[in-house]
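K.L.:
The amino acid sequence is not available; the structure is as follows:
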């Protein structure tokens, strides 16, 4: 595991969010701490270590109307983002990410001849299954809702003919950087069909703390009528968090789906918005050579 405290903090946050969802009104610190089986002081310390703000403030970011507010106030027009340099290598440079994609011919082989290393790690969003080739991270999934076996099967079936080798040590430096624990570059190796990769590239142009829509993504990649296909490609994104499919919303402002659970999507959006509002540097927005 990269950091045992990540898992503990996430566990507290997960229980707190379940209580917030079940409540009909904003919960006080005392009420929320009691529902999580902790003293108010201890709960406040653990919660703040993960969120950086008070439970009351964080609840505002988790409200169901938060997605609609984001769409009103922080909607990103991807073509406009591209025109000011937030596209391709420049955006990835800003995000400390560098990537390359498998060729369509190699992708069609189902990963044959490819060695994929994997391991389980603690993350701010729960137990994370991370996979990578020699070129970079190719998959990130989460196992606390579906279960670890289901998460493993989910990623493996995408590249069924690859060879899988458990190797936590090899992946640890990339994982630590991916979740903001170091300032190293995060290499990614995109394994997908050409259309999927176009969609994932568009997602990479959405700045942290901002959102876009499925229809906007379709427009930006030159297929305005393919909104449903775009939604499918977003859902098939294998590298959760780094390729930010959680920033894609329905045009109505609804959250839409999320492959690893809507609670996690809300947590990611809330955390990014909170950090942006506080003027704190985003882990994925650091400047550096790619």
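P.N.:
That came through, no problem. These figures come from a predicted structure and were not determined experimentally. Numbering: from 1, shown residues only.
K.L.:
Show me what counts as buried in stretch 226-233.
P.N.:
Using 16 or more other Cβ atoms under 10 Å as the test for burial, stretch 226-233 gives 226-227, 230-231, 233. Using the backbone N, CA and C atoms, a C-beta is placed for each residue, glycine as well.
K.L.:
Same list (those residues) but as JSON lines, adding distance to residue 59 and pLDDT.
P.N.:
Below are the buried residues of stretch 226-233 laid out as JSON lines (distance: Cβ to Cβ, whole Å; pLDDT from 0 to 100):
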{"residue": "226", "distance to residue 59": "37", "pLDDT": "94"}
{"residue": "227", "distance to residue 59": "32", "pLDDT": "94"}
{"residue": "230", "distance to residue 59": "32", "pLDDT": "95"}
{"residue": "231", "distance to residue 59": "29", "pLDDT": "93"}
{"residue": "233", "distance to residue 59": "33", "pLDDT": "95"}
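K.L.:
Widest-spaced pair of those residues?
P.N.:
227 and 233 (10.7 Å; Cβ to Cβ).
K.L.:
anything in contact with each of the two?
P.N.:
Between them, residue 227 and residue 233 share no contacting residue under Cβ atoms under 8 Å, 6 or more residues apart in numbering.
K.L.:
circling back to that earlier point, between the buried residues of stretch 226-233, which sits nearest residue 207?
P.N.:
residue 230 (19.1 Å).
K.L.:
counting residues per helix, which one in the protein is longest?
P.N.:
helix 4-22 (DSSP state H).
K.L.:
Give the buried residues for whichever helix or strand comes after that one.
P.N.:
Using DSSP states H and E, the helix or strand that follows helix 4-22 towards the C-terminus is helix 29-35. By neighbour count on 16+ other Cβ under 10 Å, the buried set for helix 29-35 is 32-33, 35.
K.L.:
Quick check: mean pLDDT of helix 29-35?
P.N.:
With pLDDT averaged residue by residue, helix 29-35 scores 91.
K.L.:
try stretch 112-130
P.N.:
Stretch 112-130 comes out with an average pLDDT of 93.
K.L.:
Ok, stretch 55-71 next?
P.N.:
Across stretch 55-71, the average pLDDT comes to 67.
K.L.:
Walking through the stretch 101-250 of the chain, point out its helices one by one.
P.N.:
104-107, 148-156, 168-178, 194-203, 214-220, 227-235 (DSSP state H, counting those that start in this stretch).
K.L.:
contact partners of the second one?
P.N.:
Outside helix 148-156, the residues that touch it by Cβ under 8 Å, 6+ apart are 118, 120, 127, 129, 131, 139, 141-143, 146, 162, 164, 238.
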